[in-house]
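Trainee: no sequence for this one, just the structure:
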């Protein structure tokens, strides 16, 4: 029993030391923003819904870029806010992100990149996923939308890295 208490106490001190090490002064400085993302959605009669869709898709874009190996911080710039002029901006026009007639989720968007080093059209991206209608909970159905967006985003990071608009981050020794 005493050995178990000692092990738990040792584990707690180890965790505390790791947390203290992670929260050093250098780790509290935020990484610089490497890319800004703006998302426009097709207009509808519900502006709150449009904002929610843009927020969700922007989150999916930043997560997808990170999953694909894009280095650096990605910041979402909401509609109405002005992006910083010295940082490249990925402008995404969401064309559709919805369930089609046969039950698949389709995601289509166009992307343009602009920055201090120029402008470039990255092209049209499309992806689809099967919607799992038999699942009764909302969160399981959301997976279909996430999968369609991931499919559409599959080569966005490659196209971003192929341009000369985004500067290559400096590596630390």
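Mentor: Thanks, I have the structure now. None of the values given here were measured: they were computed from a predicted structure.
Trainee: the residue nearest to residue 147 when sequence neighbours are not counted: helix or strand, and which one exactly?
Mentor: If the residues on either side of it in the chain are set aside, residue 147 comes closest to residue 129, at 3.6 Å by CB to CB, 6 or more residues apart in numbering. Every C-beta, even on glycine, is put in place using the N, C-alpha and C of the backbone. Under DSSP states H and E, the secondary-structure element containing residue 129 is strand 118-130.
Trainee: quick one: list the elements packing against that strand.
Mentor: With contacts defined as 3 or more CB pairs under 8 Å, 6 or more residues apart in numbering; DSSP states H and E, strand 118-130 has these neighbours: strand 104-115, helix 138-152, helix 156-162.
Trainee: what pairs with it, and is each one parallel or antiparallel?
Mentor: The partner list of strand 118-130 in its sheet, established with DSSP bridges, is strand 104-115 (antiparallel).
Trainee: mean confidence (pLDDT) on the partner strand, please.
Mentor: When pLDDT is averaged along strand 104-115, the result is 92.
Trainee: picking up where we left off before, and the residue nearest to residue 147, how many residues sit next to it?
Mentor: Other residues near residue 129 come to 20 when the count uses other CB atoms under 10 Å.
Trainee: distance of it relative to residue 139?
Mentor: 15 Å (CB to CB, to the nearest Å).
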